[in-house]
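Engineer: Okay, sequence plus prediction incoming.
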Amino acid sequence: MKKGTSLSRRTALKGIGAVGAISLVSSEATAVMDRISPFSDRLFHKDILDKVLKTPLIDTHEHLFDEDVRLAKSPGSRSEPDDWSLIFKHYLDSDMTTCGMPQAESDRFFSSDVDPADKWAILEPYWPAVKNTGYGRAVRIAIEMLYGVDELSATTVRKVQAGYEATRKPGFYRRILCDLAGIESCQVNFLGGKPFHKSSMPTLLMQDISIVGMFSGPDINGLSKPTGIEVKGLEDWRRVIDWWFDQYGKQAVAVKSQNAYGRNIDYQKIEPDAAQELFKLRLENKPMDPQQRKDLEDHLFWCAVDAATKRNLPVKLHTGYYAGDNYMPLSRLLQNPGSACDLCGASPESRFVFMHIAYPYYEDLIAVAKHYTNAYLDMCWAWIINPVAAKDFLKKYLVTAPANKILTFGGDYIPVEPVLGHAMIARRGIALALSELVEEGWLKLSDAMDLIDPIMHGNARKIFNLAEKQKFLGAL
Ligand SMILES: [Zn+2]
């Protein structure tokens, strides 16, 4: 792509903002994106790109801590650095490890005891290998947009650190998420242990109920304590599950489970009598074999799913790729789409949201959404796992399965800064997917334009009843 074309595109986009149309993504943000991943006129249909850049996104999956917690410098139980290296953590740290950075170097890079200015020297040998992955690009876009640094180097590292410090101040969540990334609201899967987190910014950081502890383990002491229910058997445990849903079901947008990190999502319906016996073994800490543990987990999974379905909450399930490094059994992940079919068939009244496009098995997952009424697909995390595959997925999805069951963005981050980079990559990918479908003659331009609102926010509003939830949360 020639420089001149890039400039004319940038000028044109600035013009759109200037004439007063609602420009959700600033011209500054667009210009930065254009420099990193050019919006070539040859690749993008101008009307599509302009509309995608102006349309609000609903972000259906994050792990963000509340802003006040982040500002208190304690984003989790782990000790995190509070310097520019933080935005490399979750997920770029994984690429750094798999490209060969030794653990000791990684520990130094993410240490709060190392001078932030000295961290470039640790990263430098590995940077060329990871700077172009989706994880790398999301971070680079964030660094350029937020700190005004286009190349990380020995000479710019101090400016990056100064930018980090100047950015991280009260109000920066809204600035990054709403003003710069054009995000209307987020859906947070809180990682703090409890099933539900009462956010201090409830209408921006809407929350899922995490159901993992209800069936995996299960976390009997942790979850029953706030309820005051003494758990002596399976019936009591069901009451504990119901308590969490009665307490927080109206505020929550959905329920979420990342249990697929430990097993396939092949949850069978186990009879209550058999489950009762197994629950007793668990309560008494008696030895259980792997099949018994699975049967109990399967039964309790459906208890939680039934509780969610009764309250019209969609069930979000992790599928596909694993975060981290050196432990993923791809042969297990391969089974996720087939098991997704079984879940949809076993409970037609439940709505299942299969997350992360089951990467790399996304073609299979499209077949699930095409075939099952109650299967919804969420592209959260996908744009930074593999941006080209994500675009390919979206193109194929839109000409295969109903357009009202696709959710196109979730940043899936703990730190807020790279959500901006991820959102820009998603906007670029959505615009490119639609432009290519028009260019290839699969879609008319008007049909492509009509798809933008639903896939970027309209579907999410309907699937998660967001108007009703926002009203409820606003009145709390
Ligand atoms: Zn996640």
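Structural biologist: Looks like it arrived, so ask away.
Engineer: can you give me the strands for the stretch 301-450 of the chain?
Structural biologist: Under the criterion DSSP state E, counting those that start in this stretch, strands of the stretch 301-450 of the chain are mapped to 315-318, 352-355, 375-378, 406-407.
Engineer: Parallel or antiparallel, which strands does the first one pair with?
Structural biologist: When sheet partners are counted by DSSP bridges, strand 315-318 sits next to strand 254-257 (parallel), strand 352-355 (parallel).
Engineer: what does the average pLDDT come to for the last one?
Structural biologist: Translated: strand 352-355. Taken as a whole, strand 352-355 has an average pLDDT of 98.
Engineer: For Lys46, the count of nearby residues, please.
Structural biologist: By other CB atoms under 10 Å, 14 other residues sit near Lys46. To be clear about C-beta, it is placed using only N, CA and C from the backbone, and glycine gets the same treatment.
Engineer: can you list the residues that contact the helix or strand encompassing Leu278?
Structural biologist: Here Leu278 sits within helix 272-283, counting by DSSP states H and E. Here helix 272-283 makes contact (CB atoms under 8 Å, 6 or more residues apart in numbering) with 218, 220, 231-234, 237, 270, 287-288, 292, 295-296, 299-300.
Engineer: any idea how far it is from the chain center?
Structural biologist: From the chain centre to the centre of helix 272-283 is a distance of 35 Å (CA atoms, centre = their mean, to the nearest Å).
Engineer: With stretch 133-153 instead?
Structural biologist: Averaging C-alpha positions (CA atoms, centre = their mean) puts stretch 133-153 19 Å from its chain's average.
Engineer: tell me which residues of it are tucked away?
Structural biologist: Neighbour-count burial for stretch 133-153 flags 133-147, 149, 152 (criterion: 16 or more other CB atoms under 10 Å).
Engineer: any chance of the strands paired with strand 315-318 in CSV, with distance to Ala367 and mean neighbour count too?
Structural biologist: Shown next, in CSV, are these (distance: least, CB to CB, whole Å; neighbours: other CB atoms under 10 Å):
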stretch, distance to Ala367, mean neighbour count
strand 254-257, 22, 27
strand 352-355, 12, 26
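Engineer: JSON lines for these, including distance to Arg168?
Structural biologist: Formatted as JSON lines, the strands paired with strand 315-318 follow (distance: least, CB to CB, whole Å):
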{"stretch": "strand 254-257", "distance to Arg168": "27"}
{"stretch": "strand 352-355", "distance to Arg168": "28"}
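Engineer: And the ones you listed: which comes nearest Gly193?
Structural biologist: In terms of CB to CB, the element of those nearest to Gly193 is strand 254-257, at 13.9 Å.
Engineer: how about the strands paired with strand 315-318, which one is nearest Asp34?
Structural biologist: Among those, the nearest to Asp34 by CB to CB is strand 352-355 (29.8 Å).
Engineer: Dump that closest one to CSV, keeping only the CA atoms.
Structural biologist: Below are the C-alpha coordinates for strand 352-355, written out as CSV (Å, rounded to 0.1, in the frame of the first residue of the first chain):
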residue,chain,number,x,y,z
PHE,A,352,-25.3,-21.6,24.6
VAL,A,353,-22.7,-19.0,23.6
PHE,A,354,-19.6,-20.8,22.3
MET,A,355,-16.6,-18.5,22.8
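Engineer: Residues touching that strand, excluding its own?
Structural biologist: Residues contacting strand 352-355 (CB under 8 Å, 6+ apart): 60-61, 254, 314-320, 336, 340, 343-344, 365, 368-369, 374-378, 380-381, 407, 410, 463.
Engineer: Swap in 6 Å and give it another go.
Structural biologist: Residues from elsewhere that reach strand 352-355, judged by CB atoms under 6 Å, 6 or more residues apart in numbering: 314-319, 340, 343-344, 365, 374-378, 380.
Engineer: And for stretch 144-159?
Structural biologist: Contacts of stretch 144-159 (CB under 6 Å, 6+ apart): 29, 32, 117, 120, 143, 160, 163, 167, 420.
Engineer: Of the residues you listed, keep whichever come out buried.
Structural biologist: Buried, going by 16+ other CB under 10 Å: 29, 32, 120, 143, 160, 163, 167, 420, out of the contacts of stretch 144-159.
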